[in-house]
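*Asks:* sequence plus the predicted model coming up.
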Amino acid sequence: MTVIEKRPLLTLINVFTVDPAHQNDLVTLLTDATEKTMKHLPGFISANIHRSLDGGKVVNYAQWESKAAFEAMRANPDAMPT
């Protein structure tokens, strides 16, 4: 769970628009990626996945120790979708 702290962090808020029939699939994909990969990478702090009540949106609120840690994750082949 995310904790708001008074220290410099990189916070990302990604809003995905999704067909309501696929909302659960996207939530599962993001949750699995967080549990299996992201949380084991250096600099990862937390991620929270939220779904809209109408089924059309998924929000990923994620925190990293720094922009450099986030950029290192983006360059890491283990973090790329398969």
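*Replies:* Now that the structure is in, tell me what you want to look at. Residues are numbered from 1 along each chain as shown.
*Asks:* pull up the gap between Thr28 and Glu71, please.
*Replies:* Look at Thr28 and Glu71: by CB to CB, to the nearest Å, they are 26 Å apart. Using the backbone N, CA and C atoms, a C-beta is placed for each residue, glycine as well.
*Asks:* cool, Gln23 as well?
*Replies:* When distance is defined by CB to CB, Gln23 is 29 Å away from Glu71.
*Asks:* likewise for Ser52?
*Replies:* Distance, Ser52 to Glu71, using CB to CB: 29 Å.
*Asks:* thinking again about what came up before, quick one: which of Gln23 and Glu71 has more around it?
*Replies:* When neighbours are counted by other CB atoms under 10 Å, Gln23 and Glu71 differ, and Gln23 comes out ahead with 18 against 13.
*Asks:* gap between that one and Lys39?
*Replies:* Distance from Gln23 to Lys39, counting by CB to CB: 22 Å.
*Asks:* and Ile45, by the same measure?
*Replies:* For Ile45, the distance to Lys39 (CB to CB) stands at 9 Å.
*Asks:* give me the neighbour count for Ala75.
*Replies:* There are 9 residues near Ala75, going by other CB under 10 Å.
*Asks:* state the distance from it to Arg51.
*Replies:* For Ala75, the distance to Arg51 under the criterion CB to CB works out to 29 Å.
*Asks:* show me what the helix or strand harbouring Ala72 is in contact with.
*Replies:* Counting by DSSP states H and E, the secondary-structure element that holds Ala72 is helix 67-75. Contacts of helix 67-75 with the rest of the structure, by CB atoms under 8 Å, 6 or more residues apart in numbering, involve 10, 12, 38, 41-44, 64, 79.
*Asks:* can I have the biggest helix by length in the chain written out in CSV, keeping just the CAs?
*Replies:* Here the longest helix in the chain is taken by residue count, with DSSP state H as the criterion, and it is helix 23-36. What follows is the C-alpha trace of helix 23-36 in CSV, where atoms were taken according to Å, rounded to 0.1, in the frame of the first residue of the first chain:
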residue,chain,number,x,y,z
GLN,A,23,-11.1,-4.4,-17.3
ASN,A,24,-10.4,-7.5,-15.1
ASP,A,25,-7.8,-8.7,-17.6
LEU,A,26,-5.9,-5.5,-17.4
VAL,A,27,-6.1,-5.4,-13.6
THR,A,28,-4.8,-8.9,-13.5
LEU,A,29,-2.0,-8.1,-15.9
LEU,A,30,-0.8,-5.0,-13.9
THR,A,31,-1.1,-6.8,-10.6
ASP,A,32,0.9,-9.8,-11.8
ALA,A,33,3.6,-7.6,-13.4
THR,A,34,3.9,-5.8,-10.1
GLU,A,35,4.1,-8.9,-7.9
LYS,A,36,6.3,-11.0,-10.2
